[in-house]
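1. predicted coordinates and the sequence they were generated for:
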Amino acid sequence: MKPLSNKVALVTGASRGIGKGIALSLGKAGAKVYITGRTVNEGESASRLSGTIYQTANEISELGGECIAIQCDHVDDAQVESVFDTIVRDEKKLDILVNNVWGGYEHYTDGTEFWNENEFWTQPNSRWDSMFQAGIRAHFIASRLAVPLLIEHQGLIINLSFFAAQRNDKGVAYESTAKCGAECKISSGHRQLPH
């Protein structure tokens, strides 16, 4: 018995990491899983991290699940809207949205002392922009598009954050603003969907 049979889920940012793990678990539990991510070819990630949306989709299939991978850059609203248009056209419903997509990880591998920030005012604005645009804002946009589909099925939105918001040693842009903002968004937005 698969507890999520006949359920439709969307996991944003599922090329690797926790997004991939969640997508695999949802697929294994019987949900039809839509996943998004920017990386479609190994070695072409902006962060140079391994993993692609198609690798995740193949692994879900190997577990006996069903997955549809859609390339999407969540800073482009038109691409995000296209993802939801596809789900509306093909499924006419959504039961679970997992907001996992996050930006800014390119700084892991570009030689920037990302975790040893001394003066936040010396850091490029692009670091904040990538974290906010492909993080907090991306979660909000996906949630706004998902709610009309979720209401009818008393669906669930899961927003992922990180305990970095409770620390002070990983940089102003990452912890004090972006991850803390994600936690604030989660706690202030935690309400039951109307029926």
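-> Alright, I've got the coordinates. Residues are numbered from 1 along each chain as shown.

2. what is the helix or strand containing residue 26 packed up against?
-> Using DSSP states H and E, residue 26 sits within helix 17-28. Packing partners of helix 17-28 (3 or more CB pairs under 8 Å, 6 or more residues apart in numbering; DSSP states H and E): strand 8-11, strand 32-37, helix 53-62, strand 66-71, strand 96-99. Heads up, the C-betas are built off the backbone N, CA and C, glycines and all.

3. residue 97 is in contact with residue 141, isn't it?
-> No: the criterion here is CB atoms under 8 Å, and residue 97 misses it with residue 141 at 11.3 Å.

4. the more surrounded of the two?
-> residue 97 (27 against 19; other CB atoms under 10 Å).

5. ok, the more buried one - contacts?
-> 9, 10, 12, 142, 143, 146, 150, 155, 156, 157, 158 (CB atoms under 8 Å, 6 or more residues apart in numbering).

6. likewise for residue 158?
-> Residue 158 sits next to 96, 97, 98, 99 when contact means CB under 8 Å, 6+ apart.

7. which of these sits closest to residue 23?
-> Each of the contacts of residue 158 was checked against residue 23 using CB to CB; the closest is residue 98, at 7.8 Å.

8. how many residues are close by residue 62?
-> 10.

9. one more: the one 4 residues further on?
-> Other residues lying near residue 66 total 14 when counted by other CB under 10 Å.

10. and it, how far is that from residue 28?
-> For residue 66, the distance to residue 28 (CB to CB, to the nearest Å) stands at 11 Å.

11. go on, residue 79?
-> On the measure of CB to CB, residue 79 and residue 28 end up 28 Å apart.

12. same thing with residue 20?
-> Counting by CB to CB, the gap from residue 20 to residue 28 is 12 Å.

13. same deal with residue 122?
-> Applying CB to CB to residue 122 and residue 28 gives a distance of 46 Å.

14. got it, and residue 63?
-> Taken as CB to CB, the span from residue 63 to residue 28 is 5 Å.
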